[in-house]
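Novice: Just a sequence and a predicted model for now, questions to come.
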Amino acid sequence: MLAHLYVFARGRGVRTIHLEVREGSTAARSLYRRDGFREVGRRPAYYRYSEDAILYSLALPEGVD
């Protein structure tokens, strides 16, 4: 599913994908890291019960198609 997102986004000129994930979503965080996303920041106590939001970014390669 992520591979399709990359092709779709790149076809529309997107060069970087940004997302945020609840700190406690360990499965999602592992998936994104495995796919090349890098942690680029945090929003402390962003969610209910003072849980941080983890910010991720992925630069899409030029030749995605």
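Specialist: In hand now; what should we look at?
Novice: May I have the secondary structure class of Val7?
Specialist: helix (DSSP: H, G, I helix; E, B strand; the rest coil).
Novice: now it: how far from Arg33?
Specialist: As for Val7, its distance to Arg33 is 21 Å (criterion: C-beta to C-beta, to the nearest Å). To be clear about C-beta, it is placed using only N, CA and C from the backbone, and glycine gets the same treatment.
Novice: Report the outermost residue of the protein with respect to its centre.
Specialist: Tyr49 (22.4 Å; C-alpha atoms, centre = their mean).
Novice: can I assume it sits in a helix?
Specialist: Yes: judged by three-state DSSP, Tyr49 forms part of a helix.
Novice: State the pLDDT value of it.
Specialist: Per-residue confidence (pLDDT) for Tyr49: 90.
Novice: now do the one 4 residues further on
Specialist: The predicted local distance difference test score for Ala53 is 98.
Novice: which residues does it contact?
Specialist: By C-beta atoms under 8 Å, 6 or more residues apart in numbering, the contact set of Ala53 is Glu20, Val21, Arg22, Glu23, Arg42, Arg43, Tyr46, Tyr47.
Novice: For the chain, which residues score under the pLDDT cut-off?
Specialist: 63-65 (pLDDT under 70).
Novice: which stretches of it form helices?
Specialist: Remark: helices assigned in the chain by DSSP state H are 2-11, 26-34.
Novice: Just send those helices back as JSON lines, with mean neighbour count too.
Specialist: Converted to JSON lines, these look like this (neighbours: other C-beta atoms under 10 Å):
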{"stretch": "helix 2-11", "mean neighbour count": "13"}
{"stretch": "helix 26-34", "mean neighbour count": "13"}
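Novice: can you list those helices in CSV and add distance to Leu55?
Specialist: Below are those laid out as CSV (distance: least, C-beta to C-beta, whole Å):
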stretch, distance to Leu55
helix 2-11, 17
helix 26-34, 11
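Novice: These: which one's closest to Leu60?
Specialist: helix 2-11 (5.2 Å; C-beta to C-beta).
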